[in-house]
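[1] Give me coordinates for this.
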Amino acid sequence: MPDIRRLRQFIEIGEAGSLTAAAASLHVSQQALSSSMQQLEKELNATLFRRDGRRLTLTPAGELLLAEGRTLLAAARTVAERVERTAGGVADVFVVGHTPALSGGEAYARIEPAITAFPEMSFTFRQLYPDQLVAAVLDGTVHLGLRRGVVPTNELATAIVGYDRIRIAVPCDHRLAGSPAVDIHELAGERIALWAPPGGSYYSDFLMAACRRAGFEPDYVVSRVQGAATVAAPLTTGAVTFVTSPPGPAMDGRVVVVELEPPLLVGAQAMWQRHTGSAVRDALLSHV
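    Just a heads-up that it's a prediction; the model follows:
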């Protein structure tokens with residue numbers, strides 16, 4: 001097993017790209033840092049660096065340790081903080097982060113089994129943009145993240161915690177507002193509101209792919225109001241918006257949510273810090 005202190009030093013070298021810069025950041029001598037890395041290589045029975053004079057580059061084993069070591073170090077930090085809080089009698093709070101694509105109500109519904117199972121636990125919900133959410137889960141400030149779509153990642157542990165039916169939201173005076181259901185083919189030629197451009201969001205890519213499978217290239221606009229409920233987008237864009245809200249009037253009747261045919265389902269993906277345990281998280285996943 002790698003020594004945590006040496007692992008932290010190794011990551012600092014890998015991220016700084018220089019032994020000199022890493023030594024300065026860690027406030028240790030270059031000689032001491034070099035000796036520590038030699039000991040780490042001995043512990044792992046692996047060559048981590050290619051040495052060319054004073055220049056260091058990572059070997060494939062070093063690249064692997066850099067990627068895995070970040071998550072291992074983050075998990076160690078999270079465990080240490082939890083132990084310290086428990087020893088100090090500080091009440092534990094389970095922090096749930098979710099992207100704007102999931103409303104606060106939808107996030108609550110996904111977590112409710114765990115809330116019920118732990119009546120003495122405090123829960124805090126935070127809305128974060130996807131990149132902020134991933135960073136917060138990685139550093140342990142968010143214990144469980146929820147996002148739309150199934151996003152492949154090696155940095156985090158993930159699971160699908162449910163699927164929601166996608167519908168469309170339109171302004172109340174839109175030509176499709178009075179329809180009991182709309183076939184996705186009818187959206188050809190309509191402008192579609194997104195929360196992030198394709199390529200910047202797996203959820204946006206998922207929605208654009210659904211349109212292309214229906215045989216048309218979607219015309220889209222990115223909403224200029226970020227962080228609000230997705231069902232509000234038709235008010236500022238005048239465009240059709242894919243939502244998971246229930247059918248019927250919304251936003252004081254100014255928006256109408258209509259069923260979409262054929263049924264289109266999108267997953268809700270949970271993600272958490274690897275190498276950590278959580279009874280609350282286990283309770284949630286046991287209901288999936």
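[2] for the residue nearest the centre of the chain, what are its contacts?
    When the chain is reduced to its mean C-alpha position, the nearest residue by CA atoms, centre = their mean turns out to be Val134, at 4.2 Å. Contacts for Val134 (CB atoms under 8 Å, 6 or more residues apart in numbering) come out as Gly145, Thr153, Glu155, Leu156, Met271. (Glycine included, C-beta is placed from N, CA and C.)
[3] so it is in which element?
    Val134 is part of helix 130-139 when elements are defined by DSSP states H and E.
[4] can you list contacts of whichever helix or strand comes after that helix?
    Moving toward the C-terminus from helix 130-139, the next helix or strand (DSSP H and E) is strand 144-148. Residues outside strand 144-148 that contact it (CB under 8 Å, 6+ apart): 94-99, 101-102, 107, 110-111, 128, 130, 133-134, 136-137, 156, 161, 202-203, 206, 266-272, 278, 280-281, 284.
[5] Taking their axis directions, strand 144-148 and helix 130-139 sit at what angle?
    For strand 144-148 against helix 130-139, the angle by axes from the mean of the first three to the mean of the last three CA atoms, to 10 degrees is 150 degrees.
[6] so what strands line up beside strand 144-148?
    Applying DSSP bridges, strand 144-148 is found paired with strand 93-98 (parallel), strand 265-273 (antiparallel).
[7] Restricting to C-alpha, output it in CSV.
    Output in CSV follows, covering the C-alpha atoms of strand 144-148 (Å, rounded to 0.1, in the frame of the first residue of the first chain):
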residue,chain,number,x,y,z
LEU,A,144,-23.9,12.2,-3.7
GLY,A,145,-24.4,13.9,-7.0
LEU,A,146,-27.4,13.5,-9.3
ARG,A,147,-27.4,14.4,-13.0
ARG,A,148,-29.4,13.6,-16.2
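[8] and the next helix or strand along the chain from it, what's its mean pLDDT?
    Later in the chain than strand 144-148, the nearest helix or strand by DSSP H and E is strand 156-165. Average pLDDT, strand 156-165: 92.
[9] repeat for stretch 217-235
    What stretch 217-235 shows for mean pLDDT is 90.
[10] now that stretch, how far from the centre of its chain.
    Distance of stretch 217-235 from the chain centroid (CA atoms, centre = their mean, to the nearest Å) equals 20 Å.
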